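[1] Can you look at this prediction? I've put the sequence above it.
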Amino acid sequence: MHTNSLVSTNNKRERVLLILAALFVALIRIALTLARHLPWYSLWPLLVWGACALLLHIGLTWLLPLRDPIILPVVMLMAGWGIVLTARLAPAFSTRQPIWLVVAALASLAIARLSPGLRILRRYRYSWLIAGIILLAATLIFGVNPSGGANAPRLWLGFGFIYFQPSEILKLLMVIFMASYLADKRDILSVKPLRVWKITLPTPQYIAPLLLMWGFCMILLIWQRDLGTASLFFIIFLGMLYVATNQTGYLLVGLVLLMLSGLAGYFLFDVVRLRVDAWLNPWPEASGRAFQIVQSLLAIASGGLFGQGIGQGSPTYIPVVHSDFVLAAIAEEWGLMGAVGVIASLAILIFRGLRIAAKNVDQPFKSLLAAGISLSLGIQSLLIAGGVLKLIPLTGVTFPFISYGGSSLLSGFVMIGLLWRLSDPATNRRIDQPIFSEPSLEFTP
Amino acid sequence: MSLEITLFVIRIVVAVLLYAFLGTVLFYCVRDIHTASAQAPEKPGASARLVIVESENVPLEPGLSFDLLPLTTIGRGQTCTVVLPDSFASTEHARIACRKEQWWLDDLDSRNGTLLNDFPVTGTVVLAAGDLIRVGRVTLRFDLV
Amino acid sequence: MTRALQRLSIALALLFIAVGLTFGYWSLIRRSWLVGRDDNPRLVLAEQRIQRGTIFDRNGGILAESTRDPGSGLYTRQFPHPEVASVVGYYSLRYGVGGIEAAFDDLLRGNYQVTVGERLARVFLHKTQVGGDIRLTLDLSAQQTAMALLDGYAGAVIVLSVPEGDVLALVSSPSFDPAALDANWEDLAGDPTAPLLNRSTQGLYQPGTILQSVLLAAGLNSACLSLEDSISPVLTSQVNGLLLPCAASSDGVETLAAAYTAACPAPFVEAVQAIGELQLLAALRDFGLLAPPEFILPSESSGQVTSVPDLALGQSDLMVTPLQMALVAAAFADHGQIPPLRLVSATRQAGGSWETHRPSGFPRGAVSRAAADAVAGLMAQAVNNGSARQAAIPGYAVAGHSGIAITGQDGTYNGWFIGFLRVSEDRSIAVAVLVENTIQTGLAASIGGQVLQAAAAVYP
């Protein structure tokens, strides 16, 4: 294959960054082993991580030579950090996470490789979404919670000893559905014949299917009491609508709706009231209902600027620290420097994703898909970071790539696989561009 | 060296590595923006152009750029908009046209074919910024301005 | 769409920056407030990681030490001898510290001035904070003897060496086991016999007839009284309808000296009138009864006295602690000089060498040598054939005086004994004993004698 300078620069950059990430991950894992006096064979996840990194690098060099070279190292850095944190915070799960990483890496490579992929996603959008919703609805009947607890939300589907959270897949399918729908309908949605006072609104019949699908998801989520994912869906929905139509009116109406549903939730659901109260003033309830958030802040404070050192803090005082509160654990053991490092890594990932969206503006579906994926990862991490920091009420979503959780890791890597595809101009066109005809505006099921 | 000191040294190295990683990422991002803006022509009126990236054994300096006209022809012949003195190129080798605010490339049945990002161009395809077009032994990059 | 994407990027960037700044707010600006919160479980953990210093008795016996659990690396405090609880105190993660553990908390924890390198090593290397050690003047065997003698009674015993003022034993009964404090705290705190109260330094008691030594010394000092003063035949007194008896047989008591030896209260009522109010108060002040003594452990005193005439019976608003009475005994042992107290003989910082501690203060003259020796002579008689004869030890020259005090309206009495034993020309051992709720006049004296004997064995 002919390699031109751009391709070689790309690969070189990815290699340099991957080596830095590998050194970082290896050192923090070794430090953990030393600090907690773990046996040396417990370092095996490092080999798994290294194999995944190498596989993805070689695979992508071959499949998508012009992909964005920064995404893979950033994601692998975070995933490696996540594996170390799982071993640190929930040693019982330390075997599962590396295995999920292998599954996730293979899935992302498969997404990058499948030749008809994007078109199929776009064409059968309703089927995909309905499949996702059916899976989610199945949790209402067959749902379990692997951590146990009689009153805990049952958001998982169990297959033997593997548990899966369908809402993670539904999130991805929602993004694909909306990218596809909005790409076709955005011109019509931008026209606003309805005028209510000073706000202009689009014709109801065009926005209706969208609202219907979204509403269906929301009902299911509220029914399941998974409010973190519900608010995440809503904000992604608003963001994508805004990108597609460039209408600030949608954003305003959406935010008002969010406030209203928040208020309604406060008075209707105990879960919401508890979380909001604990957010507004956690201190009097520090040993009761606001225990988690206060412990989280204590962990962050005890980390200071430089942290207590890897394996040398006490983040396990925070309940479920390994999934929702990894950021607090990072802040305690790696300090403010580590926490800012994580936030910066994730921000870089999001901006690379948005850059891919910006480069694809000539092809609305791809642009919207990239923007939706970036938004989804960005809003999810902001929601949990804000919750951990008492900026916003706590919502039980995971921090992408770092929190323990197979479903979350898998859906994250699938999204990343899509971003790789979208970032490589050559592959894109070869697969999806209709030959000298205008992009069809309608793909109806 | 005691365990405590080893752990402390690792902490320092880890912090340096993390920020070295982030710094390198930032450096690459800035470089991307620089190359993008360096390629952007200052000339008004031009909305897209081709930049020579590679020109093995062809008397064309890499970095030389050609502004695109609404209809641009590329080839060895002197009548072409972009003249490539390359024996591997056909007289009229390929064409780039602007339609509906998009740039489209098609191969004009050239002898050696036109490659877009290393894939042969068979019909008419749309161009995106950063695309690499290979005509004969010359590689040109398509840049939006 | 490009424009919307740009705006979205800017909005997300601002949000990420806000998250970063909030991290900084909690981990830098609000740090000390959060970390110092009572409900921070890390505080307990940090405390358990400290290798707290060891407390030794005067012979190097271990009274309290911290041992490391090899698994968790955390330290737990061991108290091998619960008899020393009233001195050593307690160390609890839940209830704090008491006694010497409280008074020398900073030293024991290692909070003293350390080098910058050491401080950095603690912060960044998690180097174990090692505390300093303490050597007490306490003698474990004397303490154990005193504790055993008080077993079953509420009371206090203090043994001092004279003229050094070293505390050889300091016992408060009932006591507690500091090793089982966390488990028993509720019971201990609610116990009506107040085992957590250190009776020897903080228990304020009516002195009753034990005050006679002070009154007599004050009278002799000012020459208002003489030992040969004859007395009226009424020997016992009534206080609020309760009888305050002589401590010993009152047969043939005709002089003030004999009344003192037998510890009869009534003759002193008349005698005190002869001394005069100012001189009496001065004497109380000189004997250190109006202010708490300078001591490492928290000590009490009843403060100013208003009803001077009632002092004659020791049943006024003057209340004394056994420690104050031990110092009175020491004053007679040392010819009118009150020694400064010393409980900690030496300390050392981790890895350092022992530094001897000076006593807190200087010897004070309480009364003239002549008056002190005259009273001391009578105290020897009282042991030979008087109120304190139960304190006699064969082969030793013990001097002492015992007394009785009415404690309240309900007709309960406390027994007192002060005394000393000369071990050489210029060295002695002084003791004060208080036994609550006993009319047995000899009990306190008997305990005092045995304690003196035990102390003499270890303090030759």
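    That came through, no problem.
[2] mind checking how far the residue of the stretch 201-350 of chain C found nearest chain B is from residue C:132?
    The nearest approach of the stretch 201-350 of chain C to chain B comes at residue C:350, 16.5 Å away (C-beta to the nearest C-beta). In short, each C-beta sits where N, CA and C put it, glycine included. Using C-beta to C-beta, to the nearest Å, residue C:350 is found at 6 Å from residue C:132.
[3] Ok, residue C:223 next?
    52 Å.
[4] higher neighbour count, those two?
    residue C:132 (22 against 9; other C-beta atoms under 10 Å in any protein chain shown).
[5] So what does the more buried one look like in phi/psi?
    phi -90, psi 160 (degrees, to the nearest 10).
[6] The closest residue to residue C:300 other than its chain neighbours: neighbouring residues, count only.
    Leaving aside its chain neighbours, residue C:300 sits nearest to residue C:202 (4.8 Å; criterion: C-beta to C-beta, 6 or more residues apart in numbering or on different chains). For residue C:202, the count of nearby residues is 19 (other C-beta under 10 Å).
[7] isn't residue C:202 right up against residue C:298?
    Yes. With contact defined as C-beta atoms under 8 Å, residue C:202 counts as touching residue C:298 (6.4 Å).
[8] what about the lowest-mean-pLDDT helix or strand in chain B, near chain A?
    Taking mean pLDDT, DSSP states H and E as the measure, the helices and strands of chain B show their lowest mean at strand B:65-67, namely a mean of 81. No. Using C-beta under 8 Å from any C-beta of the partner chain, strand B:65-67 never reaches chain A; the gap is at least 16.0 Å.
[9] Report all helices and strands that that strand contacts.
    strand B:48-55 (3 or more C-beta pairs under 8 Å, 6 or more residues apart in numbering or on different chains; DSSP states H and E).
[10] give me the number of residues near the one residue in chain B that gets nearest to chain A?
    Residue of chain B nearest chain A, by C-beta to the nearest C-beta: residue B:117 (3.1 Å). By other C-beta under 10 Å, the residues close to residue B:117 number 25.
[11] That one touches residue A:66, doesn't it?
    Yes. Between residue B:117 and residue A:66 there is a contact under C-beta under 8 Å: 6.3 Å.
[12] and residue B:74, what element?
    strand B:71-75 (DSSP states H and E).
[13] Report the separation between the two terminal residues of stretch A:389-406.
    Length of stretch A:389-406, first residue to last, C-alpha to C-alpha, to the nearest Å: 25 Å.
[14] I misspoke; the intended subject was stretch C:89-101.
    Chord length of stretch C:89-101, first to last residue, is 6 Å (C-alpha to C-alpha).
[15] tell me which residues of that stretch are tucked away?
    Neighbour-count burial for stretch C:89-101, counted by 16 or more other C-beta atoms under 10 Å in any protein chain shown, picks out C:89-91, C:97-101.
[16] Quick check: the residue of chain B nearest chain C.
    Closest point on chain B to chain C, by C-beta to the nearest C-beta, is residue B:4, at 4.0 Å.
[17] ok, back up a step: quick one: residues in contact with the strand holding residue B:74.
    B:50, B:66, B:79-84, B:89-98, B:108, B:110, B:133, B:135, B:140 (C-beta atoms under 8 Å, 6 or more residues apart in numbering or on different chains).
[18] how much does that strand deviate in direction from strand B:48-55?
    Counting by axes from the mean of the first three to the mean of the last three C-alpha atoms, to 10 degrees, strand B:71-75 lies at 10 degrees to strand B:48-55.
[19] Tell me the neighbouring strands of strand B:71-75, and mark each as parallel or antiparallel.
    strand B:82-83 (parallel), strand B:94-99 (antiparallel) (DSSP bridges).
[20] what residue is smack in the middle of chain C?
    residue C:201 (3.5 Å; C-alpha atoms, centre = their mean).
[21] for the stretch 1-150 of chain A, what spans make up the helices?
    A:5-35, A:44-63, A:71-89, A:96-113, A:117-123, A:125-142 (DSSP state H, counting those that start in this stretch).
[22] could I get those helices as JSON lines with mean neighbour count and distance to chain B?
    Below are those laid out as JSON lines (neighbours: other C-beta atoms under 10 Å in any protein chain shown; distance: least, C-beta to the nearest C-beta, whole Å):
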{"stretch": "helix A:5-35", "mean neighbour count": "19", "distance to chain B": "4"}
{"stretch": "helix A:44-63", "mean neighbour count": "18", "distance to chain B": "12"}
{"stretch": "helix A:71-89", "mean neighbour count": "26", "distance to chain B": "6"}
{"stretch": "helix A:96-113", "mean neighbour count": "20", "distance to chain B": "16"}
{"stretch": "helix A:117-123", "mean neighbour count": "18", "distance to chain B": "15"}
{"stretch": "helix A:125-142", "mean neighbour count": "17", "distance to chain B": "23"}
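[23] Compare the ones you listed and report which one is nearest to residue C:417.
    helix A:5-35 (60.4 Å; C-beta to C-beta).
[24] gap between the closest one and the chain center?
    22 Å (C-alpha atoms, centre = their mean, to the nearest Å).
[25] show me where pLDDT drops low in chain B?
    B:1, B:38-46, B:100 (pLDDT under 70).
[26] Which residues of it lie near chain C?
    Residues of chain B lying near chain C (C-beta under 8 Å from any C-beta): B:4-5, B:7-8, B:11.
[27] make it 10 Å
    Residues of chain B lying near chain C by C-beta under 10 Å from any C-beta of the partner chain: B:2-8, B:11-12.
[28] follow-up on the earlier one: out of the helices of the stretch 1-150 of chain A, which comes closest to residue C:267?
    helix A:5-35 (78.1 Å).
[29] Do any residues in that closest one lie close to chain C?
    Yes. Applying C-beta under 10 Å from any C-beta, one finds helix A:5-35 touching chain C at residue A:35.
[30] Quick one: the helices in the stretch 301-445 of chain A, in order.
    A:326-359, A:364-388, A:406-423, A:425-432.
[31] Figure out which of those helices is closest to residue A:185.
    Using C-beta to C-beta, the helices of the stretch 301-445 of chain A put helix A:364-388 closest to residue A:185, at 10.0 Å.
[32] Sketch out the low-pLDDT regions of the chain for me.
    Just going to use chain A. In chain A, residues with pLDDT under 70: A:1-4, A:115-117, A:146-155, A:158-162, A:190-206, A:209-210, A:217, A:221, A:426-445.
[33] looking at chain C here, not the other one
    Using pLDDT under 70, chain C drops low at C:409.
[34] That one - how does it break down into domains?
    Following automatic domain parsing, one gets these domains for chain C: C:42-124, C:140-343+C:361-458.
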